[in-house]
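Asks: model the structure of this input:
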Amino acid sequence: MDEILKGLKTLPKDVLLWVIYNLMEEGKISYHEITKLHIDHLERLQKGAIEDYWKLQGKIVHLYNDYKYNRGKNIKDIMQYLNDKGTLNIDQDEIDNYK
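Replies: Next comes the predicted model:
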């Protein structure tokens, strides 16, 4: 299954749309099913964004409350979290060498 998906990802978008259209024409999938999948995907994205926000908020509150003793460690933790989430464009060396 992964090999099929890997191959499909290499195809141009117009070819993928043609494949989907033909599957719909033959009754293999319906517009309703595609729409439901899209709505489910958007809900998962929203839930993930909300969870990420709360995790980041917790890290910042921890930094605020524990700033004197572990400021550098807490900032590194926040920067690593943002870098892991792909919302920050920073080299790993910069995070590791922060003091």
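Asks: could you pick out the longest helix of the protein?
Replies: Secondary structure of the chain per DSSP state H: the longest helix is helix 31-65.
Asks: give me the distance between it and the centre of its chain.
Replies: When distances are taken as CA atoms, centre = their mean, to the nearest Å, helix 31-65 is centred 9 Å away from the chain's centroid.
Asks: which residue sits closest to the residue nearest to the spatial centre of the chain, ignoring its sequence neighbours?
Replies: Ranked by distance to the mean C-alpha position of the chain (CA atoms, centre = their mean), the top residue is Lys85 at 6.7 Å. Distance criterion CB to CB, 6 or more residues apart in numbering; nearest residue to Lys85, sequence neighbours excluded, is Asp52 at 6.1 Å. To be clear about C-beta, it is placed using only N, CA and C from the backbone, and glycine gets the same treatment.
Asks: what's the neighbour count on the one you found?
Replies: 14 (other CB atoms under 10 Å).
Asks: show me what the longest helix of the chain packs onto, helices and strands only.
Replies: Other elements packing on helix 31-65 under the criterion 3 or more CB pairs under 8 Å, 6 or more residues apart in numbering; DSSP states H and E are helix 13-25, helix 67-85.
Asks: which of the ones you listed has the lowest mean pLDDT?
Replies: Among the helices and strands packed on helix 31-65, helix 67-85 carries the lowest mean pLDDT, a mean of 85.
Asks: distance between stretch 68-79 and the chain's centre?
Replies: Worked out by CA atoms, centre = their mean, stretch 68-79 lies 24 Å from the chain centre.
Asks: apologies, that question was intended for stretch 10-29.
Replies: Going by CA atoms, centre = their mean, where stretch 10-29 is centred and where its chain is centred differ by 26 Å.
Asks: the most far-flung residue of the chain relative to its centre and Val19, how far apart?
Replies: The centre of the chain is farthest from one residue, Glu26, which by CA atoms, centre = their mean lies 33.5 Å away. Glu26 is 11 Å from Val19, where distance means CB to CB, to the nearest Å.
Asks: likewise for Thr10?
Replies: 13 Å.
Asks: one step back: now do the phi/psi pair for the residue farthest from the centre of the chain.
Replies: phi -90, psi 0 (degrees, to the nearest 10).
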